[in-house]
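J.: whatever this is, show me its structure:
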Amino acid sequence: MHPALQNLEVICTISLYVEHRTLPALASTCREFEHPALNVLWKDLHSGLSPLVNCLPSGLFGHDHGCLVLEKPPDGKVWDTLFKYASRVHSITMTESYHSLTSLETECLSLLMLSCPSTPASFFPKLRKLTLHDNGTRSTAEFLRMAFVPSLVELDLQIISASSNILPVLSSLGTLCPHLQRMTVKVAHTRDDSLRKISPFITQSFSQLHHLHTLSVYDLGHKGMECLMQLPALRSLSLDLTTSSSWDFVPRAQFPGFQNLELLNLSARTIEHASNFFRSLRIVRSRWISFDFTSKVAGPSSNGSAMLSQFLAILQEKCDNDKLESFSLIQLGKEEPTELAIFTSLHVFRNLTQLVIEEACNISASDEELCQLVRAWPKLQVLQLSTYNTTTLPTFHGLVGLLRLCPSLTSLSLAIDARTLDGINLKSPGSGLCNNHIKYLALGASPMKSPVKVAIILSGLFPRLEKVDSGFSNVRRWTMVNDFLSGFRFVREQRIEACVCSNL
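T.: This is a model prediction of the structure:
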């Protein structure tokens with residue numbers, strides 16, 4: 001044998017680069033390759049528990065009156081095989097959209113656990129990541145009891161409904177998995193009464209999760225919210241309030257808020273619910289805040305604008321004005337035109353580097369209003385405004401003003417009136433001003449007449465621009481613009497190459 005193959009590190013490296021389907025053959029080659037190859041083969045179970053179940057002898061399981069049963073007790077060979085492979089598993093992914101096969105696999109292992117001579121946690125002693133989308137039956141609870149081990153650091157649990165069998169297991173999560181760092185818990189079919197039933201079991205485990213820094217969860221009620229705010233390591237929180245009616249009114253209790261978040265992502269049915277949630281907090285210190293609303297703002301335009309204005313005023317009061325760097329408003333669903341001036345109240349967040357108002361509302365913006373909006377944010381890197389406006393649109397003059405006020409832009413999405421070219425010098429569209437960071441530009445439903453002139457202007461303003469995304473609007477003309485941009489870029493590169501060659 002070559003001396004290099006006596007080095008365990010070399011053998012492990014070789015195993016990492018072998019095709020997955022040939023790893024069993026590599027493991028059977030010799031004793032030196034067996035353990036490293038099996039470690040790689042069983043490290044990640046991307047197709048659920050079927051590889052483990054398939055290793056069990058035939059005839060071990062049967063059916064009695066439609067129920068899965070053990071036909072004979074597992075012998076020592078069965079346990080040796082199961083532990084030999086299960087002990088190498090680092091991650092399990094079961095996301096077959098609540099497929100019946102997933103339930104069958106968990107049921108098989110649950111039956112084995114009942115006759116297991118060891119503790120349930122010994123099944124997967126090295127498990128670090130579990131992704132389980134299941135129906136939440138008793139077998140699911142029994143499998144989770146096996147999978148909740150001290151080594152677990154990431155959990156994505158999404159179930160149709162939380163049965164009475166699964167709740168006690170969830171309450172023990174903090175004790176069984178004290179090192180958990182990232183967690184998602186979602187229950188598909190939830191109402192206020194079921195939320196009140198489930199939340200105490202989830203909340204109980206939080207007090208012990210001292211390392212949890214990323215959490216995505218539904219509304220846990222007032223006690224659960226207080227628990228969340230006390231998590232010392234929490235940095236990223238995605239909170240879904242859409243299934244709860246708790247925020248129809250402002251709670252009487254005042255919560256301390258969040259002191260040290262990096263990201264807060266809030267999903268709510270209406271803007272009123274989000275407003276009531278923020279009213280209940282003393283302060284929110286977060287670098288990124290994102291809102292996603294699932295219902296349209298009701299009422300006439302004046303009422304809708306008033307609610308939005310009031311919501312932004314509450315954010316000014318509750319958020320740390322110096323810390324906030326990113327603000328996103330998604331799917332507000334407000335059909336009436338909204339004046340861009342409403343969003344100038346965000347100027348108090350002077351360190352803003354990202355502003356996203358995407359699919360949120362039908363924004364009316366002139367050149368002056370666009371420049372007035374961004375004037376307070378010279379550090380702005382990402383600007384995404386609704387690209388499907390049907391009201392007043394800024395022109396290329398507004399776009400040039402935007403680039404002058406925000407020289408650090410790397411991503412830009414907005415609708416402009418590309419028909420108005422008066423006063424634009426095609427030889428120098430920005431009068432010497434250009435942006436060398438942006439490669440992709442989203443202009444959505446921007447009306448346009450002359451593809452070649454628009455391409456000349458865009459190429460002058462964005463020398464590195466590769467493509468304009470117009471969505472499904474005016475596809476033929478914008479395709480021509482992209483063709484011209486490609487040609488201009490080719491000529492520019494050839495010119496640079498020629499200059500370099502001439503200087504050699």
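J.: for the rest of this, base every contact and every neighbour count on C-alpha atoms.
T.: OK.
J.: what segments of the stretch 351-500 of the chain are helices?
T.: Along the stretch 351-500 of the chain, the stretches classed as helices by DSSP state H, counting those that start in this stretch are 367-374, 396-405, 451-461, 475-502.
J.: centre of the chain versus the second one, how much separation?
T.: Which is helix 396-405. Put simply, helix 396-405 sits 32 Å off its chain's centre (Cα atoms, centre = their mean, to the nearest Å).
J.: residues in contact with it?
T.: The contact list for helix 396-405, computed with Cα atoms under 8 Å, 6 or more residues apart in numbering, reads 366-368, 370-371, 374-375, 377-378, 409, 416-418, 420-421, 424, 430, 433-435, 461.
J.: output it as PDB - backbone C-alpha positions only.
T.: Provided in PDB are the C-alpha atoms of helix 396-405 (Å, rounded to 0.1, in the frame of the first residue of the first chain):
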ATOM      1  CA  PHE A 396     -33.800  60.400 -16.700                       C
ATOM      2  CA  HIS A 397     -33.200  63.800 -15.000                       C
ATOM      3  CA  GLY A 398     -34.500  62.300 -11.700                       C
ATOM      4  CA  LEU A 399     -32.300  59.200 -12.300                       C
ATOM      5  CA  VAL A 400     -29.200  61.400 -12.800                       C
ATOM      6  CA  GLY A 401     -30.000  63.300  -9.600                       C
ATOM      7  CA  LEU A 402     -30.400  60.000  -7.700                       C
ATOM      8  CA  LEU A 403     -26.900  58.900  -8.800                       C
ATOM      9  CA  ARG A 404     -25.400  62.200  -7.800                       C
ATOM     10  CA  LEU A 405     -27.000  62.000  -4.300                       C
END
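J.: okay, buried residues for it please.
T.: Within helix 396-405, the residues that qualify as buried are 396-405, counting by 16 or more other Cα atoms under 10 Å.
J.: got it, and the shortest one?
T.: Across helix 367-374, burial judged by 16+ other Cα under 10 Å covers 367, 369-374.
J.: ok, which stretches of the stretch 301-450 of the chain are strands?
T.: Taking DSSP state E, counting those that start in this stretch to define them, one finds strands in the stretch 301-450 of the chain at 326-330, 334-339, 354-358, 361-364, 382-385, 411-413, 440-442.
J.: typed the wrong thing, it's the stretch 1-150 of the chain
T.: Remark: strands assigned in the stretch 1-150 of the chain by DSSP E, counting those that start in this stretch are 44-45, 61-64, 67-70, 91-94, 129-134.
J.: next, format the ones you listed as TSV and append mean pLDDT.
T.: Formatted as TSV, those follow (pLDDT from 0 to 100):
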stretch	mean pLDDT
strand 44-45	92
strand 61-64	84
strand 67-70	83
strand 91-94	92
strand 129-134	91
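J.: how about a markdown table for the ones you listed, with distance to L114 added?
T.: A markdown table is the format used below for the strands of the stretch 1-150 of the chain (distance: least, Cα to Cα, whole Å):
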| stretch | distance to L114 |
| --- | --- |
| strand 44-45 | 23 |
| strand 61-64 | 14 |
| strand 67-70 | 10 |
| strand 91-94 | 21 |
| strand 129-134 | 21 |
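J.: including mean neighbour count and distance to H273, could those go into JSON lines?
T.: Rendered in JSON lines, the data for the strands of the stretch 1-150 of the chain read as follows (neighbours: other Cα atoms under 10 Å; distance: least, Cα to Cα, whole Å):
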{"stretch": "strand 44-45", "mean neighbour count": "18", "distance to H273": "40"}
{"stretch": "strand 61-64", "mean neighbour count": "12", "distance to H273": "50"}
{"stretch": "strand 67-70", "mean neighbour count": "13", "distance to H273": "45"}
{"stretch": "strand 91-94", "mean neighbour count": "21", "distance to H273": "34"}
{"stretch": "strand 129-134", "mean neighbour count": "22", "distance to H273": "28"}
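J.: right, and those - which one's nearest P117?
T.: Among the strands of the stretch 1-150 of the chain, strand 67-70 comes nearest to P117, with 15.6 Å by Cα to Cα.
J.: what about that closest one, distance to the chain center?
T.: That offset, for strand 67-70, works out to 39 Å (Cα atoms, centre = their mean).
J.: sheet-wise, list the partners of that strand with their directions.
T.: Partners of strand 67-70 in the sheet, by DSSP bridges, are strand 61-64 (antiparallel).
J.: got the buried residues for stretch 25-41?
T.: For stretch 25-41, using 16+ other Cα under 10 Å, the buried residues are 26-27, 32-41.
J.: which residues touch S446?
T.: 387-388, 415-418, 470, 473.
J.: mind running it again at 7 Å?
T.: Going by Cα atoms under 7 Å, 6 or more residues apart in numbering, S446 touches 415-418.
J.: S199 reaches L220, doesn't it?
T.: Yes. Taking Cα atoms under 7 Å as the definition, S199 is a contact partner of L220 at 5.1 Å.
J.: so which of the contacts of S446 is the closest to S280?
T.: Closest to S280 out of these is A415 (36.4 Å), distances taken as Cα to Cα.
J.: what's the local residue count around that closest one?
T.: A count of neighbours around A415, defined by other Cα atoms under 10 Å, yields 25.
J.: again with the one 5 residues further on
T.: Counted with other Cα under 10 Å, residues neighbouring T420 total 15.
J.: quick one, what contacts the nearest residue to it once chain neighbours are set aside?
T.: Take T420 and drop its neighbours on the chain: the residue closest to it by Cα to Cα, 6 or more residues apart in numbering is T395, 6.4 Å away. By Cα under 7 Å, 6+ apart, the contact set of T395 is 367, 416-418, 420.
J.: what sits against the residue lying closest to E466 once chain neighbours are set aside?
T.: Excluding the flanking residues, the one nearest E466 by Cα to Cα, 6+ apart is K439, at 5.3 Å. Neighbour list for K439: 464-467 [criterion: Cα under 7 Å, 6+ apart].
J.: separation between K439 and V454?
T.: 16 Å (Cα to Cα, to the nearest Å).
J.: what of P447?
T.: Noted for P447: a distance of 11 Å to V454, by Cα to Cα.
J.: find residues that contact each of those two.
T.: Common contacts of P447 and V454, defined by Cα under 7 Å, 6+ apart, comprise A418.
J.: who has more neighbours, these two?
T.: V454 (21 against 18).
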